[in-house]
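Visitor: Quick one: sequence and predicted model below, then my questions.
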Amino acid sequence: MQERAPETILVSDHVEQRCIDILRAEGFEVSYQPGMSREELKKMISPFRALIVRSSTNVDAEIIGLAPLLKVIGRAGTGVDNIDVDAATRRGIIVMNTPGGNTVSAAEHTVSMMLALARNIPQAHMSLTRGEWNRKKFVGMEVFEKTIGIVGLGKIGREVAERCVGLGMHVIGYDPVMQAEVALKLGIELVSLDLLYQRSDFITVHTPLTNETRGLLNDGTFAQCKQGVRIVNCARGGIVDEGALLRALNKGIVAGAALDVFETEPPVASPLLAHERVIVTPHLGASTEEAQEKVAVQISRQVADALRGRGYAGVVNASTLQLAIQEEVKPYLVLAEKLGSLTAQLLPGKLSSVTVSAQGELVASSLDLLTGGVLKGVLSRLLPDPVNLVNAPLLAREMGLTVRELRNPGGRDFVNLLKVRYETDREAVEVEGTVFGASAIRLVRMEGFHIEVKPDGCLLVYKNIDRPGILARVGSVLAASDVNIAGVSLGRSAAGAFALTVMNVDGDIPKETLGKLRCLDGVSNVRIVDLGE
């Protein structure tokens with residue numbers, strides 16, 4: 001019998017040697033090519049079964065398309081911003097990362113940046129190396145009894161909070177999921193974003209970079225802040241609008257900023273780099289010997305286990321592994337995740353509970369799985385940590401979120417129906433969906449109105465008075481911005497009463513266009529939802 005050739009793994013970024021040693025000990029053939037260019041990667045990728053990267057290699061759809069044998073993409077780190085997860089999922093490629101491997105390092109770097117900012121350490125160092133002795137210029141401030149506002153209370157945010165409590169700071173935080181009683185046990189006072197901006201002496205962000213968080217700190221939010229606030233961003237570039245930050249610094253609204261991440265990396269000719277009240281580091285949050293070794297060992301073992309079929313840890317696109325799921329259940333799992341994502345984007349306040357109801361034998365028998373899908377859809381939008389079908393229930397419990405499941409094997413209007421009810425501090429809302437035929441996924445009820453909507457791409461959702469001409473006026477505003485309407489569903493309670501309109505549109509809707517829609521007479525509660533493909 002001919003001996004099988006060893007499976008090959010390409011490592012395209014710098015990792016600790018233990019990663020390579022573990023994989024070779026497992027019998028894999030490893031090509032270690034740190035610092036390779038994109039063109040080199042395109043030429044080399046085709047024969048490899050696994051690719052291990054850190055943050056330097058951009059694994060986009062083009063690269064994935066050139067790798068017909070690729071089974072696993074492993075990220076030695078927390079985020080997967082540099083990996084096109086959707087493209088990999090469509091190809092059936094497992095994408096995994098190492099959640100928690102660099103949590104402590106990132107939290108410690110955040111606190112280090114905060115302290116350096118408070119005491120002007122980098123500026124004082126540079127002054128002294130120039131032969132100056134200017135003590136008065138670099139008078140700092142104590143952090144003791146100051147208030148730090150933490151936006152995002154995932155793993156890193158909680159670690160930062162623990163250290164700030166130890167420094168004697170007042171810790172306030174905002175998170176759309178964490179419950180107040182859970183936060184209090186950690187020494188954190190939960191507040192609204194508006195209050196956080198108004199009360200904080202320091203603000204640090206620890207959220208993922210999404211459409212909702214891009215530019216979260218901007219001209220408007222800086223205007224709400226306490227005069228002399230200091231900003232720390234060791235999370236993701238783009239969460240802080242760099243132009244707005246520069247303007248706030250120049251106006252004196254922001255007394256200083258500490259940045260480890262940037263909208264473009266490396267930053268090119270950014271005026272923030274030369275600003276006397278800004279300190280910067282080149283994305284060093286996870287750059288400690290301990291973190292590097294942890295993630296190197298973690299990813300090597302995870303990739304080896306996945307290729308050998310021994311198990312799957314740290315998987316981001318877990319739905320690709322559900323090969324044992326019956327074919328008729330798979331579209332309901334997709335529906336569940338979309339209902340969860342819809343829930344997260346429509347939240348009218350702070351989320352407190354999610355109830356998932358299954359009507360019909362098929363969905364009732366798979367409710368545990370479908371609840372995981374709903375939670376994955378919700379939490380992926382709200383948490384900075386990677387969320388999959390395996391860890392979504394655990395993350396929900398850690399955040400103090402109440403999750404309920406209801407089974408009703410007898411269908412009402414549909415043979416099988418999946419309903420999600422979410423409750424916030426302001427109201428309770430329900431959304432429902434089903435599958436027609438083998439795979440036609442549809443939303444069939446939202447906020448009390450009967451509709452029929454394909455839950456894909458960009459949805460424009462608004463309420464309106466049910467009278468002639470409103471739909472035409474909305475269409476005219478969209479047409480003026482070259483936004484094409486792909487589908488419309490209108491649900492109403494009675495003729496002449498309020499109605500809910502949901503539109504599928506091609507592409508994004510500009511902010512200016514949304515503003516015009518919100519000014520239309522008879523139109524209210526205009527929202528945008530992105531449900532992907």
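Guide: Cool, the structure landed.
Visitor: Report the contact partners of residue 459.
Guide: Residues near residue 459 by C-beta atoms under 8 Å, 6 or more residues apart in numbering: 453, 502-505, 528-531. Just so you know, the C-beta spots here come from the backbone N, C-alpha and C atoms, and that holds for glycine as well.
Visitor: pLDDT on whichever strand or helix holds it, on average?
Guide: Using DSSP states H and E, residue 459 sits in strand 458-465. For strand 458-465, the mean pLDDT works out to 91.
Visitor: ok, it: who's next to it in the sheet?
Guide: strand 498-506 (antiparallel), strand 523-530 (antiparallel) (DSSP bridges).
Visitor: What residues sit buried inside the last one?
Guide: Under the neighbour-count criterion of 16 or more other C-beta atoms under 10 Å, strand 523-530 has 523, 526, 528-529 buried.
Visitor: now do stretch 382-399
Guide: For stretch 382-399, by 16+ other C-beta under 10 Å, it's 382-389, 391-393, 395-396, 398-399.
Visitor: And this structure, what are its domain boundaries?
Guide: According to automatic domain parsing, the chain comprises the domains 8-100+290-320, 103-280, 322-446, 458-533.
Visitor: Going by mean pLDDT, which of those comes out lowest?
Guide: domain 322-446 (a mean of 85).
Visitor: Would you map the strands across the stretch 201-350 of the chain?
Guide: 202-205, 229-233, 254-259, 278-280 (DSSP state E, counting those that start in this stretch).
Visitor: right, so of those, which gets closest to residue 340?
Guide: Nearest to residue 340, of all the strands of the stretch 201-350 of the chain, is strand 202-205, at 23.6 Å by C-beta to C-beta.
Visitor: Within the sheet, what are the partner strands of the closest one, with directions?
Guide: Going by DSSP bridges, the partners of strand 202-205 are strand 147-151 (parallel), strand 229-233 (parallel).
Visitor: Can I get it as CSV, trimmed to CA atoms?
Guide: The C-alpha coordinates for strand 202-205 follow below in CSV (Å, rounded to 0.1, in the frame of the first residue of the first chain):
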residue,chain,number,x,y,z
PHE,A,202,-11.3,58.3,30.8
ILE,A,203,-13.1,56.4,28.1
THR,A,204,-11.8,53.1,26.7
VAL,A,205,-13.6,51.1,24.0
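Visitor: tell me how far that strand is from the chain's mean position?
Guide: Put simply, strand 202-205 sits 18 Å off its chain's centre (C-alpha atoms, centre = their mean, to the nearest Å).
Visitor: same thing with stretch 201-220?
Guide: 12 Å.
Visitor: Ok, stretch 505-524 next?
Guide: 25 Å.
Visitor: Just the terminal-to-terminal distance for it.
Guide: Length of stretch 505-524, first residue to last, C-alpha to C-alpha, to the nearest Å: 18 Å.
Visitor: Break down the stretch 251-400 of the chain into its helices, ranges please.
Guide: In the stretch 251-400 of the chain, the helices defined using DSSP state H, counting those that start in this stretch lie at 289-308, 330-346, 361-364, 367-382, 392-398.
Visitor: nearest to residue 314, of the ones you listed?
Guide: Nearest of these to residue 314, taken as C-beta to C-beta: helix 289-308 at 5.3 Å.
Visitor: how about the CA coordinates for the closest one, as CSV?
Guide: What follows is helix 289-308 as a C-alpha-only set of coordinates in CSV (Å, rounded to 0.1, in the frame of the first residue of the first chain):
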residue,chain,number,x,y,z
GLU,A,289,5.8,36.8,25.1
GLU,A,290,3.2,35.1,27.2
ALA,A,291,0.3,35.9,24.8
GLN,A,292,2.3,35.0,21.7
GLU,A,293,3.2,31.6,23.2
LYS,A,294,-0.4,31.0,24.4
VAL,A,295,-2.0,31.7,21.0
ALA,A,296,0.8,29.8,19.1
VAL,A,297,0.3,26.6,21.2
GLN,A,298,-3.5,27.0,21.1
ILE,A,299,-3.8,27.4,17.3
SER,A,300,-1.4,24.6,16.5
ARG,A,301,-3.4,22.1,18.6
GLN,A,302,-6.7,23.4,17.3
VAL,A,303,-5.7,23.1,13.7
ALA,A,304,-4.2,19.6,14.3
ASP,A,305,-7.4,18.4,16.0
ALA,A,306,-9.6,19.8,13.1
LEU,A,307,-7.5,18.2,10.4
ARG,A,308,-7.4,14.9,12.2
